[in-house]
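Novice: Output the structure for:
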Amino acid sequence: MDILLVDGYNIIGAWPELRELKNRDLAAARDRLVERLAEYQGYTGYRVIVVFDAYYVKGIERKYKNYRIDVIFTRENETADERIEKMAIELNNIKTQIHVATSDFTEQWAIFGQGALRKSARELLNEINEIDRKIEKKLQKNHGVRPSSKISLSREVAEIFEKWRRGDG
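Specialist: Numbers count the residues shown, from 1 in each chain. Next comes the predicted model:
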């Protein structure tokens, strides 16, 4: 199993779309990141966990699922980097490959020591954009294909059914 641990605010600060959105509405930027990562998770099959520092959201530690993505807000005085390092150790085993998405150079070196692989914010964005292109291409290809009926019908009967379906007959 592959697990992608994401330093949420680091990625938001690195992706132009999210950085701009953050300046207007931080919650919307977080939600947009989770949406994009949900598409990534659905396409790649990775388990995705996003970690946000408590720095921006005061209070006790919170965990919840959004679009089947695990979203974690660290407890006060705990950084996302610290939580990600702990999780990389806890989740790492013979059957699991941990990937960490961050552009924090210090964090990248720390996670290498845990046996995790790193993805920079730019690499992750490029990967997600490529997935979007592949999905769009597949949708365009399938757009013109009509679903086949499980029951073979003559053209005449199919036309009658189509009229009924439209309410014309």
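Novice: Relative to the helix or strand hosting residue 6, what are the paired strands and their orientations?
Specialist: Taking DSSP states H and E as the criterion, residue 6 maps to strand 2-7. Paired with strand 2-7 in the same sheet, following DSSP bridges, are strand 47-52 (parallel), strand 97-101 (parallel).
Novice: So what's the model's average confidence on it?
Specialist: Average pLDDT, strand 2-7: 96.
Novice: Contacts for that strand next, please.
Specialist: The set of residues that contact strand 2-7 without belonging to it, under C-beta atoms under 8 Å, 6 or more residues apart in numbering, is 33, 37, 40-41, 44-51, 80-81, 84, 87-88, 91, 96-102, 104, 107, 116, 119, 124. All C-beta atoms are positioned from the backbone trio N, CA, C, and that covers glycine.
Novice: next one: stretch 15-26
Specialist: The list of residues contacting stretch 15-26 from outside it, by C-beta under 8 Å, 6+ apart, reads 11-13, 28-29, 32-33, 56, 121, 125.
Novice: Tell me the buried residues within these.
Specialist: 11-12, 29, 32-33, 121, 125 (16 or more other C-beta atoms under 10 Å).
Novice: between the residues you listed, which is closest to residue 133?
Specialist: Checking the buried ones among the contacts of stretch 15-26 against residue 133 with C-beta to C-beta, the nearest one is residue 125 at 12.7 Å.
Novice: rewinding a little: flag whichever of the strands paired with strand 2-7 has the least confidence on average.
Specialist: The weakest mean pLDDT among these belongs to strand 97-101, with a mean of 92.
Novice: So what's the gap between that one and the chain middle?
Specialist: Taking the mean of its C-alpha atoms, strand 97-101 sits 13 Å from the chain's own mean (C-alpha atoms, centre = their mean, to the nearest Å).
Novice: cool, and stretch 14-30?
Specialist: A distance of 16 Å separates the centroid of the chain from that of stretch 14-30, by C-alpha atoms, centre = their mean.
Novice: Could you pull out the buried residues of it?
Specialist: Of the residues in stretch 14-30, those buried under the neighbour-count criterion (16+ other C-beta under 10 Å) are 14-15, 18, 21-22, 26, 29-30.
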